[in-house]
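Colleague: take this sequence and fold it.
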Amino acid sequence: MLPLLILLFVVVPIAELYVIIQVGEAIGALPTIGLLVLDSLLGSWLLRAQGRATWTRFRLALAGGRPPARETIDGALVILGGALMLAPGFITDLFGVLLLLPPTRAVARRVIARNALNRLLGPFGTAGRAAGAASRMRRRQDYDVDATAREIDPPILPR
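Modeller: Numbering: from 1, shown residues only. As a prediction, this is how the structure comes out:
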C-alpha cells in the first residue's frame, strides 16, 4: 500500500511537472496554460456526457430488474476519469480520457471485473470457477439473493 501512495503523491506530481515544463519550453507558457484549461473543459464535458449515459443505463438496469453491476463499475470509472481530467497535468488527462471513452473504459471494466472475480474465488482459480461456483451453490441452497427471499424453516433432522 505504501508504494502505491508514494507513486500517487510523489512520483505522479513530479512527472506531471516535468511534462508541463517540457511542453511549456516547446510551445510557450501561455499556450501550455491554454492547453491545460482546454483539457479541463473537455474533461468536464466528457464527464457530463458519459455520466448521464451511465446513469441512464443504471436506471434502465434497475427498472428491468437486473443488478446494475456493469453500470456501477462504469459510474466509478467515469467519476475517476473526470477527476483525472479536471486535475492539472497532461499525464492524468491521458488516463482520464481513457477512462471516459467507452471503448477503453470497457477494457478497464473487464480488467477490474476479472481481478474482483479472482479475488472472490481465491483458491478455485480460473480453471475451477464453474466447479467452485457449483459447490458453493450446493452449500447455500437456502440462500436467495435476487430480492425474492422468503423465510425457510430449517429441516427437522431425525435424532
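
Colleague: buried stuff in the top helix by length along the chain?
Modeller: Secondary structure of the chain read by DSSP state H shows that its longest helix is helix 29-63. If you call a residue buried by 16 or more other C-beta atoms under 10 Å, then helix 29-63 has these buried ones: 32, 35-36, 39-40, 43, 46-47, 50-51, 54, 58, 61. Where C-beta positions appear, they are placed from N, C-alpha and C, glycine not excepted.

Colleague: what's the average pLDDT for it?
Modeller: Average pLDDT, helix 29-63: 93.

Colleague: packing partners of it?
Modeller: On a contact count with 3 or more C-beta pairs under 8 Å, 6 or more residues apart in numbering; DSSP states H and E, helix 29-63 meets helix 12-27, helix 69-86, helix 90-100.

Colleague: only alpha carbons, please: show the longest one as PDB.
Modeller: Coordinates of the C-alpha atoms in helix 69-86 are reproduced here as PDB (Å, rounded to 0.1, in the frame of the first residue of the first chain):
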ATOM      1  CA  ALA A  69     -23.000  -4.300 -11.700                       C
ATOM      2  CA  ARG A  70     -21.600  -3.200 -15.100                       C
ATOM      3  CA  GLU A  71     -23.200   0.200 -14.700                       C
ATOM      4  CA  THR A  72     -21.800   0.700 -11.200                       C
ATOM      5  CA  ILE A  73     -18.300  -0.100 -12.400                       C
ATOM      6  CA  ASP A  74     -18.800   2.300 -15.300                       C
ATOM      7  CA  GLY A  75     -20.000   5.000 -13.000                       C
ATOM      8  CA  ALA A  76     -17.000   4.700 -10.800                       C
ATOM      9  CA  LEU A  77     -14.600   4.800 -13.800                       C
ATOM     10  CA  VAL A  78     -16.400   7.800 -15.200                       C
ATOM     11  CA  ILE A  79     -16.000   9.700 -11.900                       C
ATOM     12  CA  LEU A  80     -12.400   8.700 -11.700                       C
ATOM     13  CA  GLY A  81     -11.800   9.700 -15.300                       C
ATOM     14  CA  GLY A  82     -13.500  13.100 -14.800                       C
ATOM     15  CA  ALA A  83     -11.400  13.800 -11.700                       C
ATOM     16  CA  LEU A  84      -8.200  12.900 -13.500                       C
ATOM     17  CA  MET A  85      -9.300  15.200 -16.400                       C
ATOM     18  CA  LEU A  86     -10.000  18.100 -14.100                       C
END
